[in-house]
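need coordinates for the below:
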Amino acid sequence: MQVCIRKLGTDCLEYMVLLQVGVRKLGTEKLEYVILTKAKKPREQGFDKLYEIWPVLGHIRYKFLEVSPKEHHSIDEQMTPFKGRNTMRKYLPKKPTKWGIKVFTRAGVSGFVHDFEVYQGKGTLVEDDIEPDLGVRGNIVLHLVSTLPEKIKNKIYFDNWFSNLKLMSLLKIKGFPCIGTLNKARLKGCPLLKDGKMKKRERGTLDYRTDIHSGVIVVKWLDNNTVCLALTYTGITPQDTCRRWNVKDKSRIKFQG
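This is a model prediction of the structure:
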């Protein structure tokens, strides 16, 4: 078992092994705290890659959940910087922090994280959280919104790594209107305009379809390239204008967005 010991009056963290007869001191006069958990075997009930530090993680998560949330919530992944040895360490070259532990978070408009789930691979979610048809990504969203208070009319936002049409429909049923970018491979035959036809039109062109059963709206919008969105939070109106850089004219232009 691994134990973390902090010497009083210093910022030094020292690591040691807990012996059966007790704790072997490493030149420390007094221990400020020692975190201990009963050792578990890999196939034992309650075992996961984080079980040794769950007392700490659980306390941090509890304190985050105590902070009253606002109406709008973004679900995304973030990297906690780490370059040591750990089976959960990931390398994501497109992230600002490339090496670290991947954490799924639910954050408010201010950026404050209200809830989180550390990515462990197959052990990320317990069996009770699983909706088999959604996959791990969709279940992560359901897991993170499950701690939201019902008295607030929450709106949920996420990107195309998480989103699919079934998840959108299920969130609406549970009372969580949402908006998310959508991978074109997950359109499930939705008869939107083909990319080739849209690109022949002016920037700002959009096409949409509404599922009459679930109420999910799917939108394809043309900027430099086509972007797909799925939403249950709002409709396609009212529409606003946005400013984008026009390479041909070397100036900013306004168009429908």
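
tell me how the chain divides into domains.
Domains of the chain are assigned by automatic domain parsing as 68-174, 182-257.

want to throw the ones you listed into JSON lines with mean pLDDT, distance to residue 59 and mean neighbour count?
C-beta here means a position set from N, CA and C on the backbone, and glycine is covered the same way. As requested, the domains of the chain are exported to JSON lines (pLDDT from 0 to 100; distance: least, C-beta to C-beta, whole Å; neighbours: other C-beta atoms under 10 Å):
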{"stretch": "domain 68-174", "mean pLDDT": "87", "distance to residue 59": "13", "mean neighbour count": "15"}
{"stretch": "domain 182-257", "mean pLDDT": "86", "distance to residue 59": "33", "mean neighbour count": "14"}
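
okay, those in TSV with distance to residue 51 next?
TSV is the format used below for the domains of the chain (distance: least, C-beta to C-beta, whole Å):
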stretch	distance to residue 51
domain 68-174	10
domain 182-257	34
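
ok, which of these comes nearest residue 57?
domain 68-174 (7.1 Å; C-beta to C-beta).

ranges for the strands of the stretch 101-250 of the chain?
For the stretch 101-250 of the chain, the strands defined by DSSP state E, counting those that start in this stretch cover 113-118, 155-158, 178-181, 206-210, 217-222, 226-231, 241-246.

distance to residue 146 added to these, as a markdown table?
Formatted as a markdown table, these follow (distance: least, C-beta to C-beta, whole Å):
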| stretch | distance to residue 146 |
| --- | --- |
| strand 113-118 | 9 |
| strand 155-158 | 12 |
| strand 178-181 | 14 |
| strand 206-210 | 27 |
| strand 217-222 | 25 |
| strand 226-231 | 21 |
| strand 241-246 | 34 |
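
identify whichever of the ones you listed lies nearest to residue 105.
strand 113-118 (4.7 Å).

run through who's touching the closest one.
Residues from elsewhere that reach strand 113-118 (C-beta atoms under 8 Å, 6 or more residues apart in numbering): 50, 57, 61, 64-65, 67, 69, 73, 88, 101-108, 124-125, 140, 143-144, 147.

for residue 69, which non-adjacent residue is closest in space?
For residue 69, ignoring the flanking residues on the chain, the nearest one in space by C-beta to C-beta, 6 or more residues apart in numbering is residue 114 at 5.1 Å.
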